[in-house]
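**Q** model the structure of this input:
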Amino acid sequence: MKYNPNQIEAKWQQYWAENQTFAASNHSDKPKYYVLDMFPYPSGAGLHVGHPLGYIASDIYARFKRHQGFNVLHPQGYDSFGLPAEQYAIQTGQHPDKTTKENIARYREQLDKIGFSFDWSREVRTSNADYYKHTQWIFIQLFNSWYNKNADQAEDISTLTAEFEKHGNANVNAVCDDNIAPFSATEWNAFSPEQQQKVLLQYRLTYLAETEVNWCPALGTVLANDEIVNGVSERGGHPVIRKKMTQWSMRISAYAERLLQGLDTIDWSESIKESQRNWIGKSVGAMVTFNLKEHNASIEVFTTRPDTIFGVTFMTLAPEHELVSQITTPEQKAAVEAYIEKTAKRSERERMADVKTISGVFTGAYAEHPFTKEPIPVWIGDYVLAGYGTGAVMAVPAGDERDYAFANFFKGQNGMPAIKNIFANVDISQEAFGSKDNVELANSDFLNGLNYKEATKKVIAELEKINQGKGKTNYRLRDAVFSRQRYWGEPFPVYYVNGLPQMIDKVHLPIVLPEVEKYLPTEDGQPPLGNATNWAWDSVQCAVVSNQLIDDKTVFPLELNTMPGWAGSSWYWMRYMDAHNETEFASKEALDYWQNVDLYIGGSEHATGHLLYSRFWNKFLKDKGYAPTEEPFKKLINQGMILGMSALVGRKIGHFKISIFDNSLSDELKRNPIMEATSMQTAVFISKGKLQSGTLSGGDIDLSSCDETLKEMAHKNFERILSNSFGLTESQYVEVELIGSDFQMIHTDVSFVNASDELDVESFKNWREEYKEIDFITEDNGKFIVSREVEKMSKSKYNVVTPDDICDEYGADTLRLYEMFLGPLEQAKPWNTAGITGVFGFLKKLWRLYFDENGLIVTNNEPSKDSLKTLHKTIKKVGEDITNFSFNTSVSQFMICVNELSAQNCHERAILEPLAILISPYAPHIAEELWSQLGHSGSISTVAFPEFDAKHLVESSKEYPVSFNGKMRFTLELPLDLTAAQIEEIVMKDERTIKQLEGRTPNKVIIVPGKIINLVG
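**A** I've put the predicted structure just below:
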């Protein structure tokens, strides 16, 4: 009976689906365990073998917990709003919903084929209206909330208005906009409703504000910082600029301290925690006010070193700072505007990361030192960010390397004074002194002689006395922009009355995406929803109606932006708890039962995006009494990346001058070409061996030996082209001159390359029209060998391997085991399809413990001690490995176990039944089949995990080396419970001892029970 993985896997996948084997219950006496994967965006390309890595790991753990008697929730769904579907819609006109559903069907087919134990009855899709109605509801809760710093939590906005009605805002301690004008209760009650709404917008947890955003013209939308890589959009690599727009924002900054403190309560990797700590960026210091000379304005600066205030040499504003346009002098206007335009083309991340470039412009304006009243020049520089702190810094070159470099770079220019040294007995002629320790201040007026702590305390007190500063804790974390100028996203449940946002009542949710003719922004620059003809809110009928009915009395315009990609993913784990609840996102009963996610597996690239936003929303929902826990994910594991083995070919491109001569002309004329072209080129592909035989010179490969081949090709190709185009006569001929060349390595599809790295040249030629006429310089044996490079698996690198092919040829269990066998879960590792045959061979060997060609060969005989030892050694190792997420070493242990059992000719039920359970989390299909063939009904998935019994690993005997004068002559197996005297008696009576001694009596007999036997003399 042969092992047939395709037949077995289809059978058991059908069984699991029909019997809802992995459906979790919200009412169970078992302890709960919630295992979750970061749900995928369903792209058109489907899954490659790198995608299932984390899913396989979580599935092993989920199956293990079921074996341990837990009620396991292991759901799956789709983060199905996203840019790719919208970009495809723009290109083809096909509705993103249709594309998304087709992609989901493809994903589901692939996921089912790998045999995951997902509870598909709880599937969610963020783009379904029955899901995003709850996302809209959460947005409304955020809008109707404010953050009370006294209570350190969010509260309903009604508690704030009640305070305003009684006492005004004098005693309100809230996270809110800066510089809110104070008002009394009388003034509040006298405000018009519109005035009151504008004031409340300054306190709400989601609010409208004009903010600096990352605008991507090519995509027509705002991008979050984590959606930008190296200054361009992550999706498509398009340029990104900074511009001001009125956007919805989330006041995540209100939760900065709780987000920091919460990191100490969760089991996440230190690297992810540190990423979030740095992103939140807590710093303790002071807020200092510098009045501007000749302007009725001031610059607010946050500094962590208020003790260095007497070392301020200049000030730097972010180019986007609102004061820049007001204070720039006419003489400096052109330079300042040019600099601002240049800076707008750089993302914030790019500016933060670039610590080498020094650039800036003097505005011509001066601020006033709060104590000395000396003028301080005001510059702009792109190393200052408008969104961090106040968008302004007080520059102290004596104590800060960047300020020091800036001051020296512009030394001697108008508006750059000399550096002031404020540290006693410190030389700053070569570099700044950045330490706070073991130094006293000098040239600092009333701070002279004080250390950092003493000076900080005193200067803050003095600033407070003159009303020009105060102590403050600041965070780098900025409020999150929540608007996107896209079509394919959650619509806001918002309409506008006199320009002010109004929430649609929850009973009318969802507000469903309208149909549009075009998915691009409108001609006047409005977001794509501006193309909708029915996108207005009738406040009487409480329904979406035609735009033509807008009258600003009862029918009002709806919000044209949509929510960002992270909206639906910021709460989805709670929806899985009660996925079919039509009235609320999840019932209290379900939330109280499942609490939060016990194990979350996903990529580390989400550290400062999804993982931060999810914690924010969870904490908010906890404040509002909905979420039962402060943190959403107890334990987080970031799986490493499976890298592709790319195939590359060397290509040399020759640039030629082409000349046509005519022999029929006179001797004088025929020496001159009748036509010339200097922009012609041709190429040749060069096999790996020929590349390696080239010499390296200055990092470039010397391929001059290919020049003749290039020239021959060029002559042949250009003569053919010119003959066809211009009809060369018999007297006319072509000459080519190589005037330059380029070399590059280009990717080829790995499907054209065999296990020996040989390229199928014909397939490669047919792959691209431009490759058909290109020559190939092969190895001496006529083969063309590609170069290999390990890099990210990606369509653009043509190194993608799909799991479908592996499953079809070797089975899903082989794929699952191989992905775990590649290496530690959290490390990156290269994919090599050639290695998978070994794992497939292991499964066939496992099968042969249970079956021969005639059928089942399992017996009820008593197992040997060796077999019991092998089994329990494996039980111990696999249980520990799964608990420690060391899945790769478990696979190694399975291989050792099967090899040992095969050598022992083990076919005993007492060994093979537990072995089937042990391997079930890793290779569930073959385990189910083995369990069934052993006579059991139902699924193996909830059978108790085998218990380790240490007694089977305890050795009862010892094979002693018996030595004479230190030289081992033979071995003797004896029980371990013998005393030294008993051992000596047995040894002395042994015939081999008698023969060695030849009648002599040893001078000494050394016996260490359990270790050695040595006869001396």
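
**Q** what about this structure, any weak spots by pLDDT?
**A** Filtered on pLDDT under 70, the chain yields the residue ranges 225-226, 679, 693-710, 713-715, 717-726.

**Q** pull the longest strand from it.
**A** In the chain, taking DSSP state E as the definition, the longest strand is strand 642-662.

**Q** in the next helix or strand after that one, which residues are buried?
**A** Toward the C-terminal end, the helix or strand that comes next after strand 642-662 (DSSP states H and E) is helix 667-670. With burial defined by 16 or more other C-beta atoms under 10 Å, not one residue of helix 667-670 is counted as buried. Backbone N, C-alpha and C define where each C-beta goes, glycine included.

**Q** returning to what we had before: show me which residues of the longest strand of the chain are buried.
**A** 642-652, 654-662.

**Q** convert the C-alpha atoms of stretch 670-678 to PDB, please.
**A** What follows is stretch 670-678, C-alpha atoms only, in PDB (Å, rounded to 0.1, in the frame of the first residue of the first chain):
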ATOM      1  CA  LYS A 670      33.000  56.600 -51.600                       C
ATOM      2  CA  ARG A 671      35.400  57.300 -48.700                       C
ATOM      3  CA  ASN A 672      32.600  59.300 -47.100                       C
ATOM      4  CA  PRO A 673      29.500  57.600 -45.600                       C
ATOM      5  CA  ILE A 674      26.200  58.300 -47.300                       C
ATOM      6  CA  MET A 675      24.500  57.900 -43.900                       C
ATOM      7  CA  GLU A 676      25.600  57.700 -40.200                       C
ATOM      8  CA  ALA A 677      23.800  56.800 -36.900                       C
ATOM      9  CA  THR A 678      25.400  56.900 -33.500                       C
END
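
**Q** against G740, how distant is the closest residue to S920 other than its chain neighbours?
**A** Using C-beta to C-beta, 6 or more residues apart in numbering and skipping the chain neighbours, the partner closest in space to S920 is A927 (3.7 Å). With distances taken as C-beta to C-beta, to the nearest Å, A927 is found 63 Å from G740.

**Q** mind checking which of the two has more residues around it?
**A** A927 (25 against 10; other C-beta atoms under 10 Å).

**Q** for the host helix or strand of the more buried one, packing partners?
**A** A927 belongs to helix 924-933 when elements are defined using DSSP H and E. Here helix 924-933 touches helix 5-19, helix 812-821, helix 836-850, helix 909-919, going by 3 or more C-beta pairs under 8 Å, 6 or more residues apart in numbering; DSSP states H and E.

**Q** let's see it at 6 Å
**A** Counting contacts by 3 or more C-beta pairs under 6 Å, 6 or more residues apart in numbering; DSSP states H and E, helix 924-933 packs against helix 5-19, helix 909-919.

**Q** tell me which residues in the last one are buried?
**A** With burial defined by 16+ other C-beta under 10 Å, the residues of helix 909-919 counted as buried are 910-919.

**Q** you'd agree A910 is up against P863?
**A** Yes: applying C-beta atoms under 6 Å as the test, A910 and P863 come out as touching, 4.9 Å apart.

**Q** about what we covered before: with respect to V1005, which of the buried residues of helix 909-919 is nearest?
**A** I911 (41.4 Å; C-beta to C-beta).

**Q** now do the same contact list for the closest one.
**A** I911 makes contact with 863, 867, 871, according to C-beta atoms under 6 Å, 6 or more residues apart in numbering.

**Q** for it, give its distance to K865.
**A** 11 Å.

**Q** kindly report the same for W12.
**A** 34 Å.

**Q** so which of those two has more stuff around it?
**A** W12 (22 against 12).

**Q** what's the distance between the more buried one and Y203?
**A** Distance from W12 to Y203, by C-beta to C-beta: 57 Å.

**Q** and the strand or helix carrying L599, which residues are buried?
**A** In the assignment (DSSP H and E), L599 maps to strand 597-602. Neighbour-count burial for strand 597-602, counted by 16+ other C-beta under 10 Å, picks out 597-602.

**Q** what's the answer for stretch 922-937, then?
**A** 922-932.

**Q** which one of these is nearest to L591?
**A** Using C-beta to C-beta, those come closest to L591 at P924, 30.2 Å.

**Q** show me what contacts that closest one?
**A** Counted by C-beta under 6 Å, 6+ apart, P924 has contacts G115.
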